[in-house]
Structures are given as C-alpha cells and as structure tokens.
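S.K.: Below are the sequence and a predicted model; questions follow.
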Amino acid sequence: MQKIALITGATSGIGKATAEIFAQHNIHIILCGRRQERLDEMARQLGKSVKTLTLTFDVRDRDEVFKQIERLPEAWKNIDILVNNAGNAHGLAPTDKADLADWEAMIDINVKGLMYVSKAVIPQMVERKTGHIINLGSIAGKEVYANGNAYCASKYAVDALNTGMRLDLVQYGIKVTAINPGLVETEFSLVRFKGDEEKAKNVYKGITPLTAADVAEVIYFAVSRPAHVNIADVIVFPTAQASATTVIRQG
Ligand code: NDP
Ligand code: 8X3
C-alpha cells in the first residue's frame, strides 16, 4: 500500500528536498507552507510521479491548522508519515539586545506550530496503531551557543517534545524520530538575518555545508527502515563541523 506523508515547510530547504525524495520513492505527499505559488509549482512537478495535495497555512494559526487537517479529503486522512519541519531562526543577538518579537516568532512557529500540527495529525495514527513522526530538531537543541538563546530554547523544546512523543506513543506502535542537523545551506540564514545575503553567505564561508538533500536522505533512510526498526535520534553534521561552535573553515 502506498504511504501518505504530510510535510510542513515543504516550500523550501529541507522540507522541499524531503518531498522530492519521498516522491522518488512513490510516497504520496501533502505539501504544507505559506507560499501558495511555491506549493503549486511543487505539486505540479511532483504530481508527475505521485499524488500530491497542498495545504496553505501558517503553523501559528491554531484554528486554521486544525480546520485544514480535519477537512482533508477521505483519501488523504490516513497520514502515515508526519514531517514536522516548518521552522526558522529569527535573529542572532545577545539576550539583552534580541528583539522580543523574534523570540515570540520562534516559540510560536518552532514549538507551538509543531504542537498544533502534531495534535491534529496524531489521533488517526493512534486509532490505526501505526505511523511515523519525524521532528526536525537541530544541534541548537543539543547545545546552547552565544546569541542562540530563544532559537536554542525552541529546539530544546522540540527535543523534549520528540522524546515525550516517543514515550507516549510507543504503546500504539508509532515511531518517533528526531533529525538534528548542523549547518545546512538553505533559506535558513537568509531568514535569520532578515534577507541580508552577505551575512547569510558568511555562515557557510570556508566550509562545505550540508545540503537540504543530504538531510532529506537521512529522513528517507529513517522512514524506509523495516517495521521493527525506529531511528530515534540523529545528529547530522557537515564534515567540517564537530559541535555547534566547532567549525573548521578553510581560507
Ligand atoms: P528554510 O528557511 O529553507 O525553510 C523553512 C520552511 O519552513 C519553509 O518551507 C517555510 O515555508 C516554513 N515555515 C516557516 N515559517 C512558517 C510558518 N509560520 N508557517 C508555516 N510554515 C513556515 O529552512 P530549512 O529548510 O533549513 O529549515 C527547516 C527546518 O530545519 C527548521 O525547523 C529548522 O529549524 C531546521 N534546521 C535547519 C538547519 C539549517 O542549518 N538550515 C539546521 C538544523 C535544523 P513558508 O515560508 O512557505 O511558510
Ligand atoms: C540550525 C543550525 O547552528 O544555526 O538549526 O543553530 S544552527
């Protein structure tokens, strides 16, 4: 039977690459994000090989999240794989200078948004006693670094939610996996630095960062294990990185 995956943040970076690799392996996909045009284009591309459906919502909008997931057509209701990927860093500033609105955005999107989507999707997995939830954490959810403050807090929360989900849902045969990447070149740094391309580029200067496809391959590896195997928690670094702040740059 063909599986159905719901991927949040499918318009860019890791979510987009995950949708692409899932499509290559014949998994039907519910593509979620805020940028409708990008979702439409992805649905057009991936729709050549698998069935796709797009849902446009901001994960911060609790009512909209529940409304759209509850209203899924019958054929799409049984979601086998949930990829909780939507999220970003907003700002990189010390605690005393950081913008409180940025802090709120990261908690609202990375933590509360992930909670809303999970609570909307999990009941049918519990009822069917099957499912796989992939939570995108980060090395920032394993180590706090200077100026990382609220982004790290949001990813530590994802780490705790991931473990909590695994403990609570194991009785239903639901797999829960955390994928925790280090430096991946996507739109992530552009968002963190509010569109400043120079600053975004500097994050990856002198190293070969991970690509979104590198991370997507790890996600696909996790979802393609046999029924009795759960990849619980993975850290993925570029070779030049050994911790959140230990990065060997050339030149
Ligand atoms: P991108 O900026 O490339 O992608 C972020 C995705 O999240 C976009 O598809 C965006 O879609 C979606 N998104 C952001 N805010 C919202 C929102 N409010 N509602 C709905 N969707 C939203 O970044 P990445 O692909 O790098 O990031 C994906 C995940 O991986 C994040 O959780 C990030 O924290 C994590 N991560 C990234 C790392 C990196 O170095 N890049 C390292 C470790 C973890 P749209 O704008 O269309 O809504
Ligand atoms: C993204 C990786 O190092 O910018 O989660 O926090 S880092």
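M.R.: Thanks, I have it. Every value quoted in this text rests on a predicted model; they were computed, and no experiment measured them. Numbers count the residues shown, from 1 in each chain. Ligands and ions are numbered 1, 2, ... in the order given.
S.K.: So Val121: helix, strand or coil?
M.R.: Secondary structure state of Val121, per DSSP: H, G, I helix; E, B strand; the rest coil, is helix.
S.K.: Please list all residues in contact with Ala157.
M.R.: Shown in contact with Ala157 (C-beta atoms under 8 Å, 6 or more residues apart in numbering): Ile107, Asn110, Val111, Gly141. Every residue, glycine included, has its C-beta placed from N, CA and C.
S.K.: Going by secondary structure, it is in what exactly?
M.R.: Taking DSSP states H and E as the definition, Ala157 sits inside helix 149-169.
S.K.: Could you pull out the buried residues of that helix?
M.R.: The neighbour-count criterion (16 or more other C-beta atoms under 10 Å) identifies 149-159, 161-162, 165-166, 169 as the buried residues of helix 149-169.
S.K.: repeat for stretch 86-97
M.R.: Ala86, Gly87, Asn88, Ala89, His90, Gly91, Leu92.
S.K.: Show me the strands in the chain, by range?
M.R.: For the chain, the strands defined by DSSP state E cover 4-7, 28-33, 52-56, 81-84, 132-136, 175-181, 233-236.
S.K.: Could you count how many residues lie near the residue nearest to Ser243 when sequence neighbours are not counted?
M.R.: Using C-beta to C-beta, 6 or more residues apart in numbering and skipping the chain neighbours, the partner closest in space to Ser243 is Glu143 (6.1 Å). Using other C-beta atoms under 10 Å, Glu143 has 16 other residues around it.
S.K.: and Glu143, what pLDDT?
M.R.: Note for Glu143: predicted pLDDT of 98.
S.K.: can you pull the contacts of it?
M.R.: Each residue near Glu143 by C-beta under 8 Å, 6+ apart is listed here: Cys152, Ser243, Ala244, Thr245.
S.K.: The residues you listed, buried ones only, as a PyMOL selection?
M.R.: Buried residues among the contacts of Glu143 (16+ other C-beta under 10 Å), as a PyMOL selection:
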select buried, resi 152+244
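S.K.: closest to Val191 among the contacts of Glu143?
M.R.: Nearest to Val191 out of those is Cys152 (C-beta to C-beta; 16.2 Å).
S.K.: Distance of the residue nearest to Ser243 relative to Thr246?
M.R.: 10 Å (C-beta to C-beta, to the nearest Å).
S.K.: so what's the closest residue to ligand 1 within the stretch 1-150 of the chain up against?
M.R.: Distances between the stretch 1-150 of the chain and ligand 1 by C-beta to the nearest ligand atom are smallest at Gly13, namely 2.2 Å. Contacts for Gly13 (C-beta under 8 Å, 6+ apart) come out as Val184, Thr186, Glu187, Phe188, Ala212.
S.K.: Quick one: residues contacting the residue nearest to it when sequence neighbours are not counted.
M.R.: The shortest distance from Gly13 to any non-neighbouring residue, by C-beta to C-beta, 6+ apart, is to Thr186 (3.0 Å). Thr186 makes contacts with Ser12, Gly13, Ile14, Ala212, as judged by C-beta under 8 Å, 6+ apart.
S.K.: where does the residue nearest the centre of the chain land on pLDDT?
M.R.: Here the mean C-alpha position of the chain is nearest to the C-alpha of Asn85 (C-alpha atoms, centre = their mean), at a distance of 1.3 Å. Asn85 carries a pLDDT score of 98 in this model.
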